[in-house]
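Engineer: A predicted structure for the sequence below; I have some questions about it.
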Amino acid sequence: MNQILCLKGHDDMMDRSAKIYVAGHHGMVGSAIVRELQRQGYRNVVTRTHRELDLTRQDQVEAFFEEEKPEYVFLAAAKVGGIEANQSALADFMYDNMILEMNVIHAAWKNGCRKLEFLGSSCIYPRMASQPMKEDCLLTGELEKTNEAYALAKISGLKYCEFLNRQYGTDYISVMPTNLYGPNDNYHPTHSHVLPALIRRFHEAKESGASVVTCWGDGSPLREFLYVDDLANLCVFLMNHYSGNETVNAGTGKELTIRELTELVARVVGYEGEIQWDAGKPNGTPRKLLDVSKARALGWVYKTELEEGIRLAYEDFLNNPMRAER
C-alpha cells in the first residue's frame, strides 16, 4: 500500500532559497505556481521560455539540467486544448506531451533532483468510472475517445514517476487536477477549454449585441472546476507534505451541468440574450467529478467558489491584451 507522509518535518520541506524549476511558467498552471511560490517567499525560482528551452528536444533539456541542477521541479508544461483541438491533432497531442514529459522527468533523475511534481489531468480516468472518481480507478476502464491521446501521454508521465520511485527510490509525485480556469487562461475561440471559451463567446456576443449564442452539445454533462491559484497552493503544499506513488486528485468536490455553467458565465459577463444548444456537437464525458478526500485528509481545501472565480477570470480576460491572438 502506498504511504502518505503528511505534515513532514521542517527538514523535509523546500528551503526558501532552494533552486526550483517551474516548467511551463508562461501557461495558466505554471504561472500560478510561480505566483504562489513567490507569495510564500521562495527566492530562487528558475524559468525558461519555449524559445530559450524547447522541452521536446532531449539535448536542450539535458543541457539545461546539467547546468542549472534544480533541486525541485514542478512539471506544468503541456500541450493542451479543448475537445476540437484534441480531436483534430491526436498525434501531436500524444507526441508533444509524451516527449516533453519524458525529457524533463528523465533529466531530473539523471541530475539528482530531490523532488519532482508532475501535473496531469482528470481525463486520465476511465470514461465511465464510478463517480466521484478515486485515484485508484486509474486504468480500470476505457478512456474518453475525444481526449484519449492526451490522456495516454499523461498516464505515461505519472507512471514513469512511479516506476522511478520503485526502481531508484526517487521522490516524484503526481497531481491530477479537475477542469481549471483563471488568470492567464487560453481564450482561443476554438482551441480553448469550455469555461474560457464561454467567457470569450459571451463577452463578444454582449459587445456585438448578438441576440443568440449557440453552445455545443445539449448542456447535460456534469463538470467540476477549480480556480488555478487554488491548484497552485495545493501543488506547493504537496511538494512539502506528500510523498507516494499514487496520484493526488485536485478539485473542489462540487459539480454542475454545462448548462448551469453556461448560464452562470453569461450572468457574470452580463450577456442577456438567448442561449441555444447544438445537440449535433459532442458532449464529451457524461460526468467528471473527482474524489478529493485524500487532499482533504492531508489538510488542504480549496478557497475560491466558482462564481467568484469566474468574475476574477473575466477580469483577467478583459485585461489580457493578447486574448485576440491566442
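Structural biologist: Received, thanks. Numbers count the residues shown, from 1 in each chain.

Engineer: check contacts around the residue lying closest to residue 73 once chain neighbours are set aside.
Structural biologist: Nearest in space to residue 73, with sequence neighbours left out and distances taken as C-beta to C-beta, 6 or more residues apart in numbering, is residue 116 at 4.4 Å. Where C-beta positions appear, they are placed from N, C-alpha and C, glycine not excepted. Going by C-beta atoms under 8 Å, 6 or more residues apart in numbering, residue 116 touches 72, 73, 74, 75, 105, 108, 161, 170, 171, 172, 173.

Engineer: need the next SSE after the helix or strand of the chain with the lowest mean pLDDT, C-terminal direction.
Structural biologist: Ranked by mean pLDDT, DSSP states H and E, the weakest helix or strand in the chain is helix 83-88, scoring a mean of 60. Helices and strands here follow DSSP states H and E; after helix 83-88, the next one along the chain is helix 90-110.

Engineer: follow-up on the earlier one: what's across from the residue nearest to residue 73 in the sheet?
Structural biologist: Judged by DSSP bridges, the bridge partners of residue 116 are residue 73, residue 172.

Engineer: so how far is residue 218 from it?
Structural biologist: Distance, residue 116 to residue 218, by C-beta to C-beta, to the nearest Å: 41 Å.

Engineer: One more: residue 265?
Structural biologist: 17 Å.

Engineer: the more surrounded of those two?
Structural biologist: Between residue 265 and residue 218, counted using other C-beta atoms under 10 Å, residue 265 has the larger neighbour count: 27 against 15.

Engineer: so the more buried one, which of the three states?
Structural biologist: Three-state call for residue 265 (DSSP: H, G, I helix; E, B strand; the rest coil): helix.

Engineer: which residues sit in contact with the closest residue to residue 158 other than its chain neighbours?
Structural biologist: Nearest non-adjacent residue to residue 158, counting by C-beta to C-beta, 6+ apart: residue 174, 4.1 Å away. Residues in contact with residue 174 (C-beta under 8 Å, 6+ apart) are 117, 118, 119, 120, 157, 158, 161, 162, 247, 248.

Engineer: Tell me the bridge partners for the last one.
Structural biologist: Beta-bridge partners for residue 248, by DSSP bridges, are residue 175.

Engineer: Return the closest of the contacts of residue 116 with respect to residue 320.
Structural biologist: The nearest member of the contacts of residue 116 to residue 320, counting by C-beta to C-beta, is residue 74 at 23.0 Å.

Engineer: Hmm, the closest one is touching residue 31, no?
Structural biologist: No: counting by C-beta atoms under 8 Å, residue 74 does not reach residue 31; the two are 11.3 Å apart.

Engineer: For the two, indicate the residue with more neighbours.
Structural biologist: residue 74 (29 against 21).

Engineer: need the contact list for that one.
Structural biologist: Here residue 74 is in contact with 20, 21, 22, 23, 30, 33, 116, 117, 119, 235, 239 (criterion: C-beta under 8 Å, 6+ apart).

Engineer: Likewise for residue 155?
Structural biologist: Applying C-beta under 8 Å, 6+ apart, the residues contacting residue 155 are 120, 124, 138, 139.

Engineer: Just the buried ones out of those, please.
Structural biologist: The neighbour count (16 or more other C-beta atoms under 10 Å) marks 120, 124, 138 as buried among those.

Engineer: could I get those residues as CSV with secondary structure?
Structural biologist: Listed next are those as CSV, based on three-state DSSP:
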residue, secondary structure
120, coil
124, helix
138, coil
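
Engineer: with those in mind, which one is nearest to residue 183?
Structural biologist: For the buried ones among the contacts of residue 155, the nearest to residue 183 is residue 120 (20.9 Å; C-beta to C-beta).

Engineer: Would you agree the closest one is in contact with residue 176?
Structural biologist: Yes: using C-beta under 8 Å, residue 120 is in contact with residue 176, at 4.6 Å.

Engineer: Determine the residues that are contacts of both of the two.
Structural biologist: In contact with both residue 120 and residue 176: 158, 247, using C-beta under 8 Å, 6+ apart.

Engineer: Any figure for the gap between residue 226 and residue 313?
Structural biologist: 12 Å.

Engineer: who touches both of these two?
Structural biologist: Counting by C-beta under 8 Å, 6+ apart, the common neighbours of residue 226 and residue 313 are residue 181.

Engineer: Many thanks, have a good one.
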